[in-house]
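# Provided below for reference: sequence and predicted model.
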Protein chains: 2
Amino acid sequence: MDVKIQEVISRDGFQMEKEFVPTEKKVQLINELSETGVHKIEVTSFVSPKAVPQLKDASEVATRINRTPDVTYVALIANLRGAERALDAGMDEVNLVMSASTTHNKKNVNKTHEESLFEFQKIMDTVKSTKMKVNGTVATAFGCPFEGDISEDAVQQYVNTYLKMGMNSITLADTTGMANPVQVKQLVSKVKEQIGDIPLTLHFHNTRGMGLVNVIAAMEAGANQFDASLGGIGGCPFAPGATGNICTEDLVHMLDEIKVKHNTDLDKLISLSSGLTEVIGRDDYPGQVVKAGKVSDLHTV
Amino acid sequence: MDVKIQEVISRDGFQMEKEFVPTEKKVQLINELSETGVHKIEVTSFVSPKAVPQLKDASEVATRINRTPDVTYVALIANLRGAERALDAGMDEVNLVMSASTTHNKKNVNKTHEESLFEFQKIMDTVKSTKMKVNGTVATAFGCPFEGDISEDAVQQYVNTYLKMGMNSITLADTTGMANPVQVKQLVSKVKEQIGDIPLTLHFHNTRGMGLVNVIAAMEAGANQFDASLGGIGGCPFAPGATGNICTEDLVHMLDEIKVKHNTDLDKLISLSSGLTEVIGRDDYPGQVVKAGKVSDLHTV
């Protein structure tokens, strides 16, 4: 079972950067990522520029990038207006996010679960006659920074609601890096059984060092689609200095080492990661393989 | 099966620091680590001060620290002179290191395998009438930065040689962070079967982000003793900026999350890690939990 790599740097990564990443650099990086063999690219999010000023150029980025037929270009949206902007920009897919945690959903999108689902229904009604696909994300699926434990039943209930609404695929997101491998194996097994052939993505953060551990646990439970961010760019709004998404090239390097197919070009990914300082203006990002080299990069005596 | 945590910051960690860590600070940190429930502390190494200037105060550190009965105090040594110094300092255990890789052993200790084993025999002859125990480490057991793959047969052969010499315990070291979880599971299973009840330690580095992944793989193969360094202090001599040993508090935090017993006090470890800047004069060490907090540290709305 090949693993599908889904790149989120230009959305989940850049939204956490202090300095605005220039539109030109975003477009160039996404164009280069399109040539690496990744399955999806989460290009941007069509949300309020006040809420996420770093992505205020969402429409321009989405319309300027080159599209490669094998790549699915995704935008995160929060409401019907976002869906309309995504349609205008010709996105292949939109990603709808609701937190399993009531408190986190309120803090993140200022909505109750009922309000989020009401908005999602309007979006589904609008996009059902189009070719644009919809991915439903259950955020804080493995824990909430305010409420703590999240029940598996709640997660499975929202997954069920998403599928009944007609969403095409599901993401379980460990939004603030609280998942552990025992929990991941159990919840992913249950959700895989629940949704059958519907594509399932795992979105892990490496906030507490367990990101790749959780990938292995999810794979053991049958998952094969993972979000990741080049260089491990991203962060945690609750913990300054904490790392964010799992690192794309570190993930791919691990898959290479354990001989799992992933269809991406590790050397290209490492090369793009090593150029990230030019894009984000800092060199202290968490990617490890970009600093240490691949296991197969032998040294001369 | 409880996991035993073995702290190596004052040897493997400090030897990589640019600035000399003052003797007083070393002693104080080791004294505090003695109160955290760790199984062993690798205090220092009795090697040439020219080879490792950061540990030139080895004898002073080893004799000044407080000893706690439940903790095994270890020193790394390279030759008979080191063993004599360790005996003088009243160490509980010495750790002998030979690389499975011919090239790495030559680079690391300037000896052939035969020369290393000849020295080890002299050490065994000297310490056999004492109470001091001997741990034998097979370094580069999961890969060599010069030679690449290391055969499992070679590793098992050196393990066998160590045991025949009368060594009390074995460490397999992933010296430059080249191990992957599939390989770990296989080699650890084989060595566990080979050595039975002889204690086996895994010494992993997180150089390429797989440190904790490899811990889980090793546990699945029956291992329960792990070296780790507070704050993830350490490094890789071949890759400036690359991280070193797996991080003690991140490891313990993961064990807490998956409900595996470890007998250490996570809060004390995190507190000591958060004070490391005072010890090493820099705050850019790789520990993640010390920045992000524990999963159980909930935030107020």
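Perfect, I can see it now.

# Tell me which stretches of the stretch 151-300 of chain A form strands.
Secondary structure of the stretch 151-300 of chain A by DSSP state E, counting those that start in this stretch: the strands cover A:169-173, A:200-203, A:225-228.

# Briefly note if the last one comes near chain B.
Same thing as strand A:225-228. No. On the criterion CB under 8 Å from any CB of the partner chain, strand A:225-228 is out of touch with chain B, staying 11.3 Å away. From N, CA and C alone the C-beta is placed, and that goes for glycine too.

# May I have that strand as PDB, with CA atoms only?
Taking Å, rounded to 0.1, in the frame of the first residue of the first chain, the C-alpha atoms of strand A:225-228 are listed here in PDB:
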ATOM      1  CA  GLN A 225      -2.400   9.300   3.600                       C
ATOM      2  CA  PHE A 226      -0.500  11.900   5.700                       C
ATOM      3  CA  ASP A 227      -0.400  15.600   5.800                       C
ATOM      4  CA  ALA A 228       3.100  17.000   6.300                       C
END
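
# Give the partner strands of that strand in its sheet and their orientations.
Sheet pairing for strand A:225-228, assigned by DSSP bridges, gives strand A:4-7 (parallel), strand A:200-203 (parallel).

# How far off centre is it?
Here strand A:225-228 shows a centroid-to-chain-centroid distance of 6 Å under the convention CA atoms, centre = their mean, to the nearest Å.

# pLDDT of that strand, averaged?
Across strand A:225-228, the average pLDDT comes to 98.

# Show me what counts as buried in it.
Across strand A:225-228, burial judged by 16 or more other CB atoms under 10 Å in any protein chain shown covers A:225, A:226, A:227, A:228.

# measure residue A:162 to residue A:127 for me?
Relative to residue A:127, residue A:162 is positioned 14 Å away (CB to CB, to the nearest Å).

# Could you do residue A:71 as well?
The value you get for residue A:71 to residue A:127, if CB to CB is used, is 20 Å.

# do residue A:176 as well
According to CB to CB, residue A:176 stands 29 Å off from residue A:127.

# ok, back up a step: just send the strands paired with strand A:225-228 back as CSV, with mean pLDDT, mean neighbour count and distance to residue B:116 too.
Output for these, formatted as CSV (pLDDT from 0 to 100; neighbours: other CB atoms under 10 Å in any protein chain shown; distance: least, CB to CB, whole Å):
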stretch, mean pLDDT, mean neighbour count, distance to residue B:116
strand A:4-7, 98, 24, 43
strand A:200-203, 98, 24, 45
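
# And the helices in chain A?
A:23-33, A:58-64, A:80-88, A:102-109, A:113-127, A:152-164, A:181-195, A:211-220, A:248-257, A:266-274, A:276-280, A:289-292 (DSSP state H).

# looking at those, which is closest to residue B:191?
Set against residue B:191 and scored by CB to CB, these come closest in helix A:248-257, at 19.7 Å.

# I'd like to know which elements the closest one is packed against.
Judged by 3 or more CB pairs under 8 Å, 6 or more residues apart in numbering or on different chains; DSSP states H and E, the packing partners of helix A:248-257 are strand A:4-7, helix A:211-220, strand A:225-228, helix A:266-274, helix A:289-292.

# redo that, cut-off 6 Å
If contacts are counted by 3 or more CB pairs under 6 Å, 6 or more residues apart in numbering or on different chains; DSSP states H and E, helix A:248-257 sits against helix A:266-274, helix A:289-292.

# In contact with the closest residue to residue A:30 other than its chain neighbours: list those residues for me.
Closest residue to residue A:30 apart from its sequence neighbours, by CB to CB, 6 or more residues apart in numbering or on different chains: residue A:65 at 4.7 Å. Residues near residue A:65 by CB atoms under 6 Å, 6 or more residues apart in numbering or on different chains: A:27, A:30, A:31.

# Using neighbour counts, trim these to the buried set.
Taking 16+ other CB under 10 Å as the criterion, what is buried in these is A:27, A:30.

# so which of the contacts of residue A:65 would you say is closest to chain B?
residue A:30 (24.0 Å; CB to the nearest CB).

# State the distance from that closest one to residue A:112.
To residue A:112, residue A:30 is 34 Å away according to CB to CB.

# Tell me how many other residues crowd residue A:215.
25 (other CB atoms under 10 Å in any protein chain shown).

# Check what pLDDT it gets.
For residue A:215, pLDDT reads 98.

# who touches the residue nearest in space to the middle of chain A in this structure?
Centre of chain A computed as the mean C-alpha position; nearest residue by CA atoms, centre = their mean is residue A:227, 4.2 Å away. Taking CB under 6 Å, 6+ apart as the contact definition, residue A:227 lies against A:6, A:8, A:203.

# Please look at residue A:63 and residue A:89 and confirm they touch.
Yes. Residue A:63 is within contact range of residue A:89, at 5.3 Å (criterion: CB atoms under 6 Å).

# Please list the residues of the stretch 201-301 of chain A that sit near chain B.
When proximity is defined as CB under 6 Å from any CB of the partner chain, the stretch 201-301 of chain A approaches chain B at A:207-210, A:212-213, A:216, A:238-239, A:241-242, A:250, A:254, A:257-258, A:288-289, A:291-292, A:295, A:298-299, A:301.

# repeat that with 8 Å
When proximity is defined by CB under 8 Å from any CB, the stretch 201-301 of chain A lies next to chain B at A:206-213, A:216-217, A:236, A:238-243, A:247, A:250, A:253-254, A:257-259, A:284, A:288-289, A:291-296, A:298-301.

# Now list the buried members of those residues.
Buried among these by 16+ other CB under 10 Å: A:206-213, A:216-217, A:236, A:238-239, A:242-243, A:247, A:250, A:253-254, A:257-258, A:288-289, A:291-295, A:298-299.

# wait, residue A:246 sits on residue A:230?
No. Applying CB atoms under 8 Å as the test, residue A:246 and residue A:230 come out as separate, 10.8 Å apart.

# Leaving out the residues flanking it, which one is nearest to residue A:233?
The shortest distance from residue A:233 to any non-neighbouring residue, by CB to CB, 6+ apart, is to residue A:13 (3.5 Å).

# Just give me the neighbour total for the one you found.
Applying other CB under 10 Å, we find 29 residues neighbouring residue A:13.

# Could you check how far it is from residue B:109?
For residue A:13, the distance to residue B:109 (CB to CB) stands at 43 Å.

# One more: residue A:294?
The value you get for residue A:294 to residue B:109, if CB to CB is used, is 26 Å.

# Name the nearest residue to the residue nearest to the centre of chain A, sequence neighbours excluded.
Nearest-residue entry for residue A:227: residue A:203, 4.1 Å, with adjacent residues in sequence omitted and distances by CB to CB, 6+ apart.

# Contact partners for the one you found?
Applying CB atoms under 8 Å, 6 or more residues apart in numbering or on different chains to residue A:203 gives the contacts A:8, A:137, A:171, A:172, A:173, A:174, A:175, A:226, A:227, A:245.
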